[in-house]
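Asks: Need coordinates for the following:
(6 chains)
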Number of protein chains: 4
Amino acid sequence: MYTHCFVKDYTWCMTSKVRRRVHTGRKRNDAARRAILDSAANLLASAEGAAVGIDTIAAVAGVSKRTIYRWWPSKGAVLLEAMVDRAKELAPATDTGSLAGDLRAFLTATFRSARQPQNAALLRNAMAESLKDAAAAQALHTFTADRRAVLHGILSGARERGELAPDADLDLTVDQAYGVLWYRLLIGHAALTPNAAVKLAAALARQVSPR
Amino acid sequence: MYTHCFVKDYTWCMTSKVRRRVHTGRKRNDAARRAILDSAANLLASAEGAAVGIDTIAAVAGVSKRTIYRWWPSKGAVLLEAMVDRAKELAPATDTGSLAGDLRAFLTATFRSARQPQNAALLRNAMAESLKDAAAAQALHTFTADRRAVLHGILSGARERGELAPDADLDLTVDQAYGVLWYRLLIGHAALTPNAAVKLAAALARQVSPR
Amino acid sequence: MYTHCFVKDYTWCMTSKVRRRVHTGRKRNDAARRAILDSAANLLASAEGAAVGIDTIAAVAGVSKRTIYRWWPSKGAVLLEAMVDRAKELAPATDTGSLAGDLRAFLTATFRSARQPQNAALLRNAMAESLKDAAAAQALHTFTADRRAVLHGILSGARERGELAPDADLDLTVDQAYGVLWYRLLIGHAALTPNAAVKLAAALARQVSPR
Amino acid sequence: MYTHCFVKDYTWCMTSKVRRRVHTGRKRNDAARRAILDSAANLLASAEGAAVGIDTIAAVAGVSKRTIYRWWPSKGAVLLEAMVDRAKELAPATDTGSLAGDLRAFLTATFRSARQPQNAALLRNAMAESLKDAAAAQALHTFTADRRAVLHGILSGARERGELAPDADLDLTVDQAYGVLWYRLLIGHAALTPNAAVKLAAALARQVSPR
DNA sequence: CGATAAGCGAGACGGTACGTCTCGTCTTTGA
DNA sequence: TCAAAGACGAGACGTACCGTCTCGCTTATCG
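Replies: Below is the predicted model of the structure:
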């Protein structure tokens, strides 16, 4: 008598030539995997405050929900993997010859990246998911551990140059840096300006330097 | 027509003498307001990772959903106000005579408070809501601004004692402190130990000191 | 976190082997459709004056609300379709050889059916929904049009036997019959007795007969 | 922190000089009673399919809900009393000297009145309430009984003129007339045209006439 | 080379929460 | 001293989203 109330229209966010993927039969279709991650990352980056839904991810990727859940345990897991995947290019660790220089270069680059609206949305949404979803939390934990390791490497690399006080707590220093980043990102009371990165680098360099 | 056999059992978290509130007629029932905020805060503090639902808040408070939505615009707004309300006692700013001492006292107390499982859950859940709900975000913004102001006061209070470098960026220093707090709270990779508080206080004091 | 002790007890009206439906995956689950319509019809037929709620329909059918709203636009639409569905057997049009006989047979059967408490409740509730819900009104319109068509057929079938005055207004005659039915059903001042059916049949036959 | 979400604006339907009733202490109620009934009747007559709410009635009448519930047991009771009150002028029983003439006059007037959009809405809404509310049902029962009594009087008045078959079932005849009225009103498949009234009057007159 | 296994798109489904709505009861407060 | 104002408890409504399921198709792999 009645047929099918409720439909949806996702065309608004299908950015590109998504459709028409080839069917790879029995083995995992990597194009689908990419489409899913791209879809998720794009939605994460675009959604102002709107939550990103699985149906939306699937529709935008031109993929069935089943295909998503075959490979990821939960929505958060997809989103986080998408975030990590997208954030691959965030991490240059340069060597300028001095700790202060290395720190300034790294934090400036990191802040600049995190300040881009898309990346900011990505990170905020990733945190939101992580707070609700255990798998996402795990992924975010791994991701941030990687980032901390890079910064930790920069710091401990200064030891052989004698730029490090022997009792410096590098973990704490690292957390100060990323703490400022995430705190400003999540609360939004102050911007991640280049100036802030420079000042923070100087302050941290001084903090860990001998005497 | 059908027999109505209890909807849920919320007795486990009805901490006190909630029931039997009097009807205050035309004016807002402040007992109901308190019951709602207490209910929300208790649930926020208890729920491990489980989301706190409006129906649960209402049921625990012995209040109708309508009464909640009459006064708050969204779930997040209630939760945040509850959090802020509960966190009223978090904020002692003591005067020990020296910046290092003040900082150590303040951060130690703050970390200790935030480390308590209930408060930690409170803050984590508050952030989760804030990332999804504009009203909650606003409330969290106000709350954190208050906290930052306290710490900022401690720092700037040291100026007249000559303990402050003239070019110290106090906002950045404040953000480092709360950054570490929130970062560790949200990521969970390291605990907010008293030791960390002490070290952080020392580091920040040194950061802002002259020379 | 909290113990979940049964929401309601709807067993009283789960007439049959409702539970344990198989999941039909991609295509519409006709068992669910049947369960919904049966649930709705049973509730319509049983509820004295109590309104039938969507949650109740869903619970009795062992179906989620969403599944109902996927296929029907509103509560009224479900109820009406259920009513129409249930009323499928109301309609015998017999041929006794004379208009008076046909009318008597049809009206007697119709009145008898409508007089059954369950069917009476069904029709009353259907009308109540129809007065509040456009989709339900449409469905009731279609249903009653069908019924009128049957009676109209009986009447016009008498023309070739010369039992009909050429200027007889058959639509009006039909409306008199169903008018009495609904009027007594809705107001409840008089019963739809077999005697009334017989007298009405005689009166209408005389009304339309030549001379 | 937050104040008062949800308010409403009823100004759209405050037709006239409703406001500013004087407040003279004790025996003020009759003006309020009139305002309530007028408000209810106007809303019943105007609302297309939209349900008429108690808050709306109260707001439009410039009266508090409490005042309504002080005198009526339920919403339906108010609406029905308003309907009956408004329908006072529906009932002329004229004497044309013949049964056929009396019937034609009465049914024509009745149909014309019921055909007016406002009265039609009034009656439809009244029936809708009556099907959900016992007090309203009682009121509608009384109202329709009055109307039937008038028509019944017209019919039985013909007995002494010898225009009535001795075995005529006048109750059934009355129900045929009002049945057509309500059936067409509620289903809406055919209009209550003057022509229909004339034909119906003739048919019923013939039906009850001797032989 | 044919049979079987698995990936995939589609989309229905159960569950659960949300925020809105209306009803009828209640107390305060303004006139 | 009454009634307007309006807060409140109860509970239904229709929507949203998650994660599971089945279907029917397609392609790769194994016997």
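Asks: so where's chain A shaky on pLDDT?
Replies: A:1, A:5-20, A:25, A:47-49, A:90-91 (pLDDT under 70).
Asks: Chain B contacts on that one?
Replies: Residues of chain A lying close to chain B (CB under 8 Å from any CB of the partner chain) are A:49, A:51, A:124-125, A:127-128, A:130-132, A:134, A:137, A:140-141, A:144-145, A:148, A:169, A:171-173, A:175-176, A:178-184, A:186-190, A:196, A:199-200, A:203, A:206-207. Any C-beta I mention is one placed from the backbone N, CA and C, and that applies to glycine too.
Asks: A PyMOL selection for these, restricted to the buried ones, would help me check which they are.
Replies: In PyMOL, a selection of the buried entries from the residues of chain A next to chain B looks like this (16 or more other CB atoms under 10 Å in any protein chain shown):
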select buried, chain A and resi 124+125+127+128+130+131+132+137+140+144+148+169+171+172+173+175+176+178+179+180+181+182+183+184+186+187+196+199+200+203+207
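Asks: Show me the residues of chain A next to chain B that map onto helices.
Replies: Among the residues of chain A next to chain B, DSSP state H puts A:124-125, A:127-128, A:130, A:134, A:137, A:140-141, A:144-145, A:148, A:171-173, A:175-176, A:178-184, A:186-187, A:196, A:199-200, A:203, A:206-207 in helices.
Asks: Report the entries of these that also contact DNA strand E.
Replies: Among these, no residue lies close to DNA strand E (CB under 7 Å from any atom of the strand).
Asks: which ones are touching the closest residue to chain B within chain A?
Replies: Closest to chain B within chain A is A:Gly179: 2.5 Å, counting by CB to the nearest CB. Going by CB atoms under 8 Å, 6 or more residues apart in numbering or on different chains, A:Gly179 touches B:175-176, B:178-184.
Asks: Spell out which parts of chain A neighbour DNA strand F.
Replies: A:5-6, A:22-27, A:51-55, A:65-66, A:69, A:74-76, A:133.
Asks: Just the buried ones from those residues?
Replies: Looks like the residues of chain A next to DNA strand F have A:52, A:54, A:74-76, A:133 buried, using 16+ other CB under 10 Å.
Asks: Pick the one among the residues you listed closest to chain C.
Replies: Nearest member of those to chain C, counting by CB to the nearest CB, is A:Ile54, at 15.3 Å.
Asks: nearest spatial neighbour of the closest one, skipping sequence neighbours?
Replies: With sequence-adjacent residues excluded and distances taken as CB to CB, 6 or more residues apart in numbering or on different chains, A:Ile54 is closest to A:Lys75, at 5.0 Å.
Asks: What lies in contact with stretch A:34-44?
Replies: Residues outside stretch A:34-44 that contact it (CB under 8 Å, 6+ apart) are A:13, A:15, A:18, A:21, A:52, A:56-58, A:60-63, A:67-68, A:71, A:78-79, A:81-83, A:85-86, A:121-122, A:125-126.
Asks: mind running it again at 7 Å?
Replies: A:13, A:15, A:18, A:21, A:52, A:56-57, A:60-63, A:68, A:78-79, A:81-83, A:85-86, A:121-122, A:125 (CB atoms under 7 Å, 6 or more residues apart in numbering or on different chains).
Asks: Apply the buried test to those and list what passes.
Replies: Among these, those classed as buried by 16+ other CB under 10 Å are A:52, A:56-57, A:60-63, A:68, A:78-79, A:81-83, A:86, A:121-122, A:125.
Asks: picking up where we left off before, so the residue nearest to A:Ile54 sits against A:Asp55, correct?
Replies: No - the pair A:Lys75 / A:Asp55 is not scored as a contact, 10.1 Å apart, by CB atoms under 7 Å.
Asks: Pull the host helix or strand of A:Asn119 out as PDB, backbone CA atoms only.
Replies: Here A:Asn119 sits within helix A:117-130, counting by DSSP states H and E. Provided in PDB are the C-alpha atoms of helix A:117-130 (Å, rounded to 0.1, in the frame of the first residue of the first chain):
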ATOM      1  CA  PRO A 117      41.000  24.300   9.000                       C
ATOM      2  CA  GLN A 118      40.700  20.800   7.400                       C
ATOM      3  CA  ASN A 119      43.400  19.300   9.600                       C
ATOM      4  CA  ALA A 120      41.900  21.000  12.700                       C
ATOM      5  CA  ALA A 121      38.500  19.500  12.000                       C
ATOM      6  CA  LEU A 122      40.200  16.200  11.400                       C
ATOM      7  CA  LEU A 123      41.900  16.200  14.700                       C
ATOM      8  CA  ARG A 124      38.900  17.500  16.600                       C
ATOM      9  CA  ASN A 125      36.600  14.900  15.100                       C
ATOM     10  CA  ALA A 126      39.200  12.300  15.800                       C
ATOM     11  CA  MET A 127      39.300  13.200  19.400                       C
ATOM     12  CA  ALA A 128      35.500  13.200  19.600                       C
ATOM     13  CA  GLU A 129      35.400   9.700  18.200                       C
ATOM     14  CA  SER A 130      38.200   8.500  20.400                       C
END
